[in-house]
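**Student:** need the 3D shape of this:
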Amino acid sequence: LLLSYFGEMHPAVATSYIGLADLYASGRQFDLAIQYYLRAQSIYEQFFKPQDPRFGDVYLGFGDVYKGEAEYEKAIENYQKALDIYMNSVGKEHQNTVKANLEIGNSYMYEEEVLKSLEYYNKVLEINYMLVGELHTNTSGAYNNLGGVYYFIGNYALALNYYERALAIDKAIYGNDHPN
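**Tutor:** Residues are numbered from 1 along each chain as shown. Purely as a prediction, here's the structure:
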């Protein structure tokens with residue numbers, strides 16, 4: 001419908017391509033995902049400056065594909081491009097900035113570069129805390145990720161502290177009988 005109404009070269013079509021690419025990436029059809037991210041990027045280049053947050057969305061997508069293919073260095077490179085764009089366009093206190101930091105941290109964790117991972121997970125916690133406060137699933141998730149890092153490096157006391165904080169938030173949000 002969008003194609004027939006706007007034609008191929010319209011930002012709304014590019015946004016739909018990103019949605020399709022995300023779908024293909026989540027289904028592990030990485031070649032198709034890359035094709036649609038590239039189409040979206042090509043359209044955006046006709047309308048927007050390189051620091052527009054839409055390009056951050058494209059780079060997040062590329063990062064997701066490379067992470068899914070276990071090419072973590074390429075994933076980090078693309079997530080960093082997304083983060084740089086978001087920092088310059090929407091600023092630090094934005095969920096897109098959180099997402100980019102989170103994915104960089106996750107990729108470093110997959111590479112077992114725990115200190116780098118810890119740096120990004122702390123940024124996620126800090127920004128989430130500013131955006132949504134203590135009693136939110138995003139904050140719980142950030143505490144859980146930090147617990148995972150400390151567990152991985154053998155600091156079980158600190159891991160337990162973060163896991164207990166995450167659990168307390170989840171119980172406050174969902175109650176004691178929820179699967180979380």
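
**Student:** any idea of the mean pLDDT in the helix or strand containing residue 97?
**Tutor:** Using DSSP states H and E, the element containing residue 97 is helix 95-110. Helix 95-110 shows a mean pLDDT of 96.

**Student:** so what does it touch, helix or strand wise?
**Tutor:** Applying 3 or more CB pairs under 8 Å, 6 or more residues apart in numbering; DSSP states H and E, we find helix 95-110 packed against helix 53-68, helix 72-89, helix 114-132, helix 137-152. (Glycine included, C-beta is placed from N, CA and C.)

**Student:** can you redo these as a markdown table with mean pLDDT?
**Tutor:** As requested, those are exported to a markdown table (pLDDT from 0 to 100):
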| stretch | mean pLDDT |
| --- | --- |
| helix 53-68 | 97 |
| helix 72-89 | 98 |
| helix 114-132 | 94 |
| helix 137-152 | 94 |
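
**Student:** deepest-packed of the ones you listed, please.
**Tutor:** Neighbour counts (mean count of other CB atoms under 10 Å) averaged over each of those peak at helix 53-68, with a mean of 22.

**Student:** got the angle between it and helix 72-89?
**Tutor:** Helix 53-68 runs at 160 degrees relative to helix 72-89, counting by axes from the mean of the first three to the mean of the last three CA atoms, to 10 degrees.

**Student:** how many degrees apart are helix 53-68 and helix 95-110 in direction?
**Tutor:** 20 degrees.

**Student:** tell me which residue is most central in the protein.
**Tutor:** For the chain, residue 99 is the residue whose C-alpha lies nearest the centre (CA atoms, centre = their mean; 3.1 Å).

**Student:** show me the contacts for the nearest residue to that residue once chain neighbours are set aside.
**Tutor:** The shortest distance from residue 99 to any non-neighbouring residue, by CB to CB, 6 or more residues apart in numbering, is to residue 60 (6.5 Å). Going by CB atoms under 8 Å, 6 or more residues apart in numbering, residue 60 touches 78, 79, 82, 96, 99, 100, 103.

**Student:** if we ignore the residues flanking it in sequence, what's nearest residue 34?
**Tutor:** Per CB to CB, 6+ apart, closest to residue 34 is residue 65, 5.8 Å.

**Student:** doesn't residue 26 make contact with the one you found?
**Tutor:** No. The pair residue 65 / residue 26 is not scored as a contact, 10.4 Å apart, by CB atoms under 8 Å.

**Student:** residue 37: neighbouring residues, count only.
**Tutor:** Neighbours of residue 37 under the rule other CB atoms under 10 Å: 27.

**Student:** and whichever strand or helix holds it, what does it pack against?
**Tutor:** Per DSSP H and E, residue 37 falls inside helix 30-47. Packed against helix 30-47, as judged by 3+ CB pairs under 8 Å, 6+ apart, are the following elements: helix 11-26, helix 53-68.
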